[in-house]
Structure formats: C-alpha cells, structure tokens
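coordinates only, sequence not included:
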C-alpha cells in the first residue's frame, strides 16, 4: 500500500475488495468503496466497513481554503472541483488521464484530476492554476508563459503551468531527461512546445512545494 493510500484511507484495491465482498455476501456490490482497514478483513463481508454507494462527507483544502462537501464516491476530483467548487482552471479534454489538461497539485505533487476520485483527496491540499497566482499577481511560471508566448487556445495551458511549476520546484535547472519526465504527461495540440521549453529554460519555479 502506498503512503497516499494510507493517508487517504481509500484505494482502488480497497474499492475492488469491497465490491467482491459485497458480491459474495449477496449484497449490493456495485459501487461499494471500502476503507483500507476494512479491506484487510474483506473475506468477512460483515466485518468490512464500506463507504458508499451513497454520498459521503469529506473535507479537503483547495487553493488554501478548507471545504466540507458531501459527494458520491464515484465523483472524480476534476468533476468535484469544477461542478461543486466552481474551480474551472483544470480542464476536461481527454477525460482519460493522457493529455494533462486537468493537472493539479495534491500535497505539492502533480496528478491528473480526471483520474482521481474526490474522496481519495480527502484530507489533502489541492492547488490548481488559480492557486498559483492571479491576473494581478501572477506566479513566476504564469508570467513566463505570457512572456514566451507559450499558450494559444488555452485548453492545455493550466495543466502545463501547474506541471511546469511543480517541475521547477523540484529541479530549478532541470536536465533534458528531467524535463521529459516532468512534462511528458502533458500535450499541446497547438504545438507551443518551443515557448514552454523557453519557460523551463528560464528556471522560474519559485513558490510551489514539490513532492
């Protein structure tokens, strides 16, 4: 089990175990989500503490503000941010964890918001592009994207800004392999890679805590 799963109490493994336990007991297995502690006893369906399929209460921090929400376990972090909290910087583009337009920071680490359940982020700190800076007080990376004309249509830009800020926080002067690893999960269909590489070459990454 990863440290992330330990802290959140939820994991894909526990989800599958909870569903299997419910099926074996003849209960309604579809959509059941089991906490990790309960999953350890999944062979005994009655002993396993399940969460869902109905709404559950969670608390998480988004861009410095604490939010208490009641959400269904199936709601992704991306949907929760956009539909429940009106945080629309992360964009829905591929919706399958391949383009990076929905990239956010979770406890300082870049993740795809479309591929993470909101309940998995309970108790964590989420930073979106809005949390990095504002039009009147832009983060260094945001300003560098403007200075180097590193954006066009704008769909991929929030994810690239967040991923670039996280990369430069970890590696202020990244090597080519580090750049490929840090930004390889983000795609720009407008082809602004030259401008983005100029941003990275400038090494403007202060203000983000890397994981």
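Right, received. Where do you want to start? The structure displayed is predicted, hence computed values, not measured ones.

in a strand, that's where residue 70 is, yeah?
Yes - the assignment for residue 70 is a strand, going by DSSP: H, G, I helix; E, B strand; the rest coil.

check which helix or strand covers residue 196.
Residue 196 belongs to helix 193-202 when assigned by DSSP states H and E.

pull the residues that contact that helix.
141, 144-145, 148-151, 160, 164, 167-168, 174, 179, 183, 188 (CB atoms under 8 Å, 6 or more residues apart in numbering). C-beta here means a position set from N, CA and C on the backbone, and glycine is covered the same way.

touching, residue 106 and residue 128? I think so.
No - assessed by CB atoms under 8 Å, residue 106 is found out of contact with residue 128, at 10.5 Å.

so between these two, which is more surrounded?
residue 128 (24 against 20; other CB atoms under 10 Å).

so the more buried one versus residue 121, what's the distance?
Look at residue 128 and residue 121: by CB to CB, to the nearest Å, they are 12 Å apart.

residue 166 too?
16 Å.

what number of residues are in the vicinity of residue 75?
18.

circling back: filter the contacts of helix 193-202 to the buried ones?
Those of the contacts of helix 193-202 that meet the buried threshold are 141, 144-145, 148, 150-151, 160, 164, 167-168, 174, 179, 183, 188, by 16 or more other CB atoms under 10 Å.

farthest-apart pair in these, please.
Maximum pairwise distance among the buried ones among the contacts of helix 193-202 (CB to CB): 20.1 Å, between 151 and 174.

which of the buried ones among the contacts of helix 193-202 has the weakest pLDDT?
The member of the buried ones among the contacts of helix 193-202 with the lowest pLDDT is residue 151, at 89.

over to that one: give its phi and psi.
Phi and psi for residue 151, reported as degrees, to the nearest 10, are phi -140, psi 150.

tell me how many other residues crowd residue 102.
Quick note: residue 102 (other CB under 10 Å) scores 28 neighbours.

tell me the pLDDT of it.
For residue 102, pLDDT reads 97.

same question, residue 40
Residue 40 carries a pLDDT value of 34.

what's the closest non-adjacent residue to residue 54?
residue 72 (7.2 Å; CB to CB, 6 or more residues apart in numbering).

mind checking what helix or strand follows the lowest-mean-pLDDT helix or strand in the chain in sequence?
Least confident helix or strand of the chain, by mean pLDDT, DSSP states H and E, is helix 36-39 with a mean of 30. Downstream of helix 36-39, the first helix or strand assigned by DSSP H and E is strand 50-51.

can you list the strands that that following strand pairs with?
In the sheet, strand 50-51 lines up against strand 33-34 (antiparallel) (DSSP bridges).

tell me where the chain has helices.
Per DSSP state H, the chain carries helices over the ranges 3-8, 12-24, 36-39, 77-79, 129-132, 140-147, 157-170, 176-183, 193-202.
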